[in-house]
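Participant: the amino acid sequence is not available; the structure is as follows:
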DNA sequence: TCATATGTTTGGTATGTGACCAACATATTT
DNA sequence: AAATATGTTGGTCACATACCAAACATATGA
């Protein structure tokens, strides 16, 4: 697989993948639309889009699930979110603030930067938003 | 004017304003298109757009300049950029990396967050990208 | 098993941002 | 004032995201 830059997905698609990761298994498109507060038709379309990238498998009328590749990628996305939130929380932002703030811009932060931040923080195991798993960040 | 949230402008418009701030005075739309590497027609249109927000004054065939309001806002934008770059540089990113990375996502970071980061860093006077002026960040 | 209710997808359309090209308008230089 | 530079407008396009209405699939209960 080509290397992850961290910039391959649009903001919304990042949200979708993180949600799929958190739920795990087969997820109904309606669950997504409820969670992300969009019309069901919107979530279906986005999922069909994502399926074309090979990150998810869409079984029409049944649901969606992350592929192997998607799982790996989503893991990075969740880690990125957690690392950034943790970083912001070190500057006086509350857990909620840090998490919200991060959600707004995370899709534009490169994996290269995340790896450096993560290293510099000593590969922390936990963030304000959840555990951190160092699968793809170049931890020794 | 209502308070600055930091999220009022699109990424490109932020770039335009920062550029106008750095150049200062009356700037030709062609200067902008050269600098930002877009077609001159694109920069003209964006400027016309910005003019409608009252942040810049556009004198057709002559150039653009920041209004009072735009100057204030651009000052915040530049500070935000500098604060974020400085922050990233503390995590092992080089000056160039920090600056580039910041450019990608800065438009999505709120003023509220910046104020906290700035406070937490002790209102530094200089970043890796230039001086910082604490006009609007609530410095004592 | 058929009818219906519920859930999902498709088709059409809209908005915002940002981009380009070609044609036109203005300013500058000669 | 004509020729050349520079700047603007109009048209169109691409992409992301969104909604609605209609069509369709699946599940349920008669």
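Facilitator: That came through, no problem. Note that the structure is a prediction, hence the values are computed from the model and not measured.

Participant: and the pLDDT for the residue found closest to residue A:39 once you drop the neighbours it is linked to in the chain?
Facilitator: Spatial nearest neighbour of residue A:39, chain neighbours left out: residue A:33 (6.4 Å); criterion: Cβ to Cβ, 6 or more residues apart in numbering or on different chains. Where C-beta positions appear, they are placed from N, C-alpha and C, glycine not excepted. For residue A:33, the pLDDT comes out at 98.

Participant: residues in contact with residue A:33?
Facilitator: Residue A:33 makes contact with A:39, A:40, A:42, A:43 under the criterion Cβ atoms under 8 Å, 6 or more residues apart in numbering or on different chains.

Participant: out of the residues you listed, who's near DNA strand D?
Facilitator: Restricting those to those touching DNA strand D (Cβ under 7 Å from any atom of the strand) yields A:39, A:42.

Participant: same question for the helix ranked longest in chain A, mean pLDDT?
Facilitator: Using DSSP state H, we find that the single longest helix of chain A is helix A:68-89. Mean pLDDT, computed over helix A:68-89, is 98.

Participant: low-confidence regions, chain A specifically.
Facilitator: Within chain A, the ranges that satisfy pLDDT under 70 run A:1-2, A:140.

Participant: that one against DNA strand D: which residues are in contact?
Facilitator: So chain A meets DNA strand D at A:10-13, A:36-39, A:41-42, A:45-46, A:60-61 (Cβ under 7 Å from any atom of the strand).

Participant: just the helices in chain A please.
Facilitator: Counting by DSSP H, one finds helices in chain A at the ranges A:11-23, A:29-36, A:40-52, A:68-89, A:95-105, A:111-120.

Participant: turn these into JSON lines, including distance to residue B:100.
Facilitator: Shown next, in JSON lines, are the helices of chain A (distance: least, Cβ to Cβ, whole Å):
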{"stretch": "helix A:11-23", "distance to residue B:100": "19"}
{"stretch": "helix A:29-36", "distance to residue B:100": "30"}
{"stretch": "helix A:40-52", "distance to residue B:100": "28"}
{"stretch": "helix A:68-89", "distance to residue B:100": "17"}
{"stretch": "helix A:95-105", "distance to residue B:100": "15"}
{"stretch": "helix A:111-120", "distance to residue B:100": "9"}
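
Participant: that older thread, as JSON lines, the residues of chain A next to DNA strand D with neighbour count and distance to residue B:92 would be great.
Facilitator: Converted to JSON lines, these look like this (neighbours: other Cβ atoms under 10 Å in any protein chain shown; distance: Cβ to Cβ, whole Å):
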{"residue": "A:10", "neighbour count": "12", "distance to residue B:92": "28"}
{"residue": "A:11", "neighbour count": "13", "distance to residue B:92": "26"}
{"residue": "A:12", "neighbour count": "16", "distance to residue B:92": "30"}
{"residue": "A:13", "neighbour count": "19", "distance to residue B:92": "28"}
{"residue": "A:36", "neighbour count": "14", "distance to residue B:92": "34"}
{"residue": "A:37", "neighbour count": "9", "distance to residue B:92": "37"}
{"residue": "A:38", "neighbour count": "15", "distance to residue B:92": "38"}
{"residue": "A:39", "neighbour count": "9", "distance to residue B:92": "43"}
{"residue": "A:41", "neighbour count": "10", "distance to residue B:92": "44"}
{"residue": "A:42", "neighbour count": "15", "distance to residue B:92": "39"}
{"residue": "A:45", "neighbour count": "13", "distance to residue B:92": "40"}
{"residue": "A:46", "neighbour count": "22", "distance to residue B:92": "35"}
{"residue": "A:60", "neighbour count": "10", "distance to residue B:92": "46"}
{"residue": "A:61", "neighbour count": "7", "distance to residue B:92": "48"}
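
Participant: ok, so of these, who is nearest chain B?
Facilitator: residue A:11 (8.8 Å; Cβ to the nearest Cβ).

Participant: give me every residue that touches the residue nearest to residue A:63 when sequence neighbours are not counted.
Facilitator: The shortest distance from residue A:63 to any non-neighbouring residue, by Cβ to Cβ, 6+ apart, is to residue A:26 (4.1 Å). Residues in contact with residue A:26 (Cβ under 8 Å, 6+ apart) are A:59, A:62, A:63, A:64, A:65.
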